[in-house]
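Colleague: sequence and predicted structure, then a few things I'm wondering about:
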Amino acid sequence: MPLGRRGGRVSALGGEGDEEAPRAAAAAPRASPQQPEAASEQVLLRGIFEIGRSSCDVVLTVRALRWRPIEPERPTGDSKCDLSCKEEFLKLKDIFSVKLKRRTLLPQEGNGTLLGITLFICLKKEQNKLKDSTLDLINLSEDHCDIWYRQFKKILAGFSNRPKSLKILLNPQSHKKEATQVYYEKVEPLLKIAGIKTDVTITEYEGHALSLLKECELQEFDGVVCVGGDGSASEVAHALLLRAQRSAGMEADSDSILTPVRAQVPLGIIPAGSTNVLAHSLHGIAHVVTATLHIILGHVQPVDVCTFSTAGRLLRFGFSAMFGFGGKTLALAEKHRWMSPNQRRDFAVIKALAKLKPEDCEISFLPLNSSPDLQERKAQGSPKSDGDARWHVIQGQFLNVSIMAIPCLCSVAPGGLAPNTRLNNGSMALIIARNTSRPEFIKHLKRYASVKNQFNFPFIETYTVEEVKVYPRNKTRAHSPEEEDQLHGTASETSFPWNVDGDLMEVTSEVHVKLHPRLIDLYGESTEEMNDAKVT
Ligand SMILES: Nc1ncnc2c1ncn2[C@@H]1O[C@H](COP(=O)(O)OP(=O)(O)OP(=O)(O)O)[C@@H](O)[C@H]1O
């Protein structure tokens, strides 16, 4: 199996920032000085195995497993031999399990004849996709295999960042109710191979994950994994952060919640919902096996989170929000949960477009790194200040307001709803659509399908910000009784629907959105790193 070759070509398993094998492995025997590999990498073991039907000279170093077919000696300069004898390699950081390979005809037979060692490995495929695979090292000697097997075990045990125990929260209602099947058919078998202990809870109602994470013994787990869509993942992220605040002695309605502490354990997101924006933004692709392998390999990256609060009271933690068209569309879709996910999404978009109406708002925002120079200009009067000279204030009729801490990649916006922001660049994208005609607004929505010029419209404004406050100015909105009924039932007080990570949040007054850089660790590798590795 051609996994990687030394020299010109970059390994299919390649990537930046090679980790050395853990310390335990480094205590193994030293390489004989005549080995060429020993010059750059410490050799742990050397032996002969059959790999892919060729007898190979196999070398295990602190970073990689390297092998080269053993060929009969040929005259020097034989180019055919040079090509076929090229060394192949596998990086140790891409191995996630090792087992002894035995021939057992019947399961009850117990230990069958030893055939060799099987390595379970992660392969990098196109479009940031990861795939699990195996590499068989065939050798019938028990002693030989035992030495190698124990060495691989030592190496794997030394990857301390990899989880050993996970709390799994599974929403059986996500998308077309396939989360349970996705988990038991695709995720659990890989976690088992990797030897990860799991404790699964199938959620029974909205808010179940939140109440469960309030009580459960979190210290027993190295991480929490959510199998579901954006609503579920966001609920679990909110629950983990809320729990961290409580553990740190903070109350949700105190000012201190606006300077929150980090979540205690990383969160993994297995995409099984209808839109999967979070998983897509995290991995560059919404792919179950990719998400699972990132968890198994212990890839984590810190991600920026927003607090949504009103009058100093925390409403929730989240990654992205839409107010106006985006909020109303979700409110309509939620009213029609009995429809299939695609049907209700299309229905809600069409209905919200048919009733397209701007919100009269005041939006104040704190631009990222507002410089003293900028403050001076504000002080001189343009535009209006809300008391603190660093804040910009704009007023008017807005069709949609998006506030996004992550790029929000999805199938309808492959470049992201906020293509210029990153998962942890310490800023949010504020994208404002001012009032315009329906055809112009539709043109803007359609532009998301392309990868450039999404915001090249006179009615769109984009800002890079740290904080935003949205004050709806018309608190007794003059919508028709029909609209009132469709959006909010018979609520006596008018509330404004917000779409926070695909979850409906209804608020009657102003909302303050504040960015908190790198507040939670999510299982995944930064897509920039993945793309850089591909370019390399
Ligand atoms: N057993 C359950 N019954 C009903 N709702 C549930 C249950 N378990 C969880 N929920 C709630 O369902 C909501 C939506 O779920 P989820 O986001 O997983 O699916 P989705 O809406 O199909 O996907 P997406 O958000 O990606 O479009 C979440 O807010 C979650 O709290």
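Modeller: Sure, I can see it.

Colleague: show me what residue of this protein gets nearest to the ligand.
Modeller: Nearest residue of the chain to the ligand: G229, at 2.0 Å (CB to the nearest ligand atom). No exception for glycine: its C-beta is placed from N, CA and C like everyone else's.

Colleague: next one: the closest residue in space to that residue that isn't next to it in sequence from G284, what distance?
Modeller: Spatially, and ignoring its direct neighbours in sequence, G229 is nearest to G273 (1.5 Å; CB to CB, 6 or more residues apart in numbering). Taking CB to CB, to the nearest Å as the criterion, G273 is separated from G284 by 17 Å.

Colleague: swap in H208?
Modeller: Distance of H208 to G284, given as CB to CB: 30 Å.

Colleague: which one's more surrounded, these two?
Modeller: G284 (21 against 17; other CB atoms under 10 Å).

Colleague: hmm, that one is touching L409, no?
Modeller: Yes - using CB atoms under 8 Å, G284 makes contact with L409 at a distance of 7.2 Å.

Colleague: A helix includes V187, no?
Modeller: Yes - checked against DSSP: H, G, I helix; E, B strand; the rest coil, V187 lies within a helix.

Colleague: excluding its backbone neighbours, what's nearest it?
Modeller: T292 (4.9 Å).

Colleague: quick one, phi psi at that neighbour?
Modeller: phi -70, psi -40 (degrees, to the nearest 10).

Colleague: what residues are up against it?
Modeller: K186, V187, L190, L191, I270 (CB atoms under 8 Å, 6 or more residues apart in numbering).

Colleague: out of those, which touch the ligand?
Modeller: Residues of the contacts of T292 in contact with the ligand (CB under 6 Å from any ligand atom): none.

Colleague: could you look up the SS state of the closest residue to A64 other than its chain neighbours?
Modeller: Nearest residue to A64 in three dimensions, chain neighbours excluded: F89, at 4.7 Å (CB to CB, 6+ apart). When classified by three-state DSSP, F89 comes out as strand.

Colleague: OK, contacts around E359?
Modeller: F323, G324, Q397, F398, L399, V401, P472, N474, F496.

Colleague: out of those residues, which one has the weakest pLDDT?
Modeller: Lowest-confidence member of these: N474, scoring 70 (pLDDT).

Colleague: for this structure, list the residues in contact with the ligand, please.
Modeller: Checking the chain against the ligand by CB under 6 Å from any ligand atom, the hits are 171-175, 203-206, 208, 228-232, 235, 273-276, 341, 502-503.

Colleague: one more time with 8 Å
Modeller: Neighbours of the ligand within the chain, by CB under 8 Å from any ligand atom: 171-175, 179, 202-210, 226, 228-235, 271-278, 341, 345, 501-503.

Colleague: so where's the stretch 351-500 of the chain uncertain?
Modeller: Filtered on pLDDT under 70, the stretch 351-500 of the chain yields the residue ranges 370-387, 475-493.

Colleague: repeat that with 80
Modeller: Scanning the stretch 351-500 of the chain for pLDDT under 80 picks out 369-389, 451-454, 474-494.

Colleague: just the strands in the stretch 251-400 of the chain please.
Modeller: For the stretch 251-400 of the chain, the strands defined by DSSP state E, counting those that start in this stretch occupy 267-271, 300-310, 313-318, 320-324, 359-367, 392-404.

Colleague: does K93 count as helix, strand or coil?
Modeller: With three-state DSSP as the criterion, K93 reads helix.

Colleague: which strands or helices does the helix or strand where H512 lies pack on?
Modeller: Under the criterion of DSSP states H and E, H512 resides in strand 511-523. Secondary-structure packing of strand 511-523 (3 or more CB pairs under 8 Å, 6 or more residues apart in numbering; DSSP states H and E): helix 230-247, strand 267-271, helix 288-296, strand 300-310, strand 320-324, strand 460-472.

Colleague: returning to what we had before: any quick PyMOL command for the buried ones out of the contacts of E359?
Modeller: Here is the PyMOL command that picks out the buried ones among those, judged by 16 or more other CB atoms under 10 Å:
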select buried, resi 323+324+398+399+401+472+496
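
Colleague: show me what contacts Q454?
Modeller: A413, G415, P419, H444, R447, Y448.

Colleague: you'd agree S364 is up against Q395?
Modeller: No - S364 is beyond contact range of Q395, at 9.4 Å (criterion: CB under 8 Å).

Colleague: out of these two, which sits in the busier spot?
Modeller: Counted by other CB under 10 Å, S364 and Q395 do not tie: S364 has more neighbours, with 21 against 14.

Colleague: please name the bridge partners of that one.
Modeller: Counting by DSSP bridges, S364 is bridged to V393, K469.

Colleague: which helices and strands sit right next to the host helix or strand of K192?
Modeller: Using DSSP H and E, the element containing K192 is helix 188-193. On a contact count with 3+ CB pairs under 8 Å, 6+ apart, helix 188-193 meets helix 288-296.
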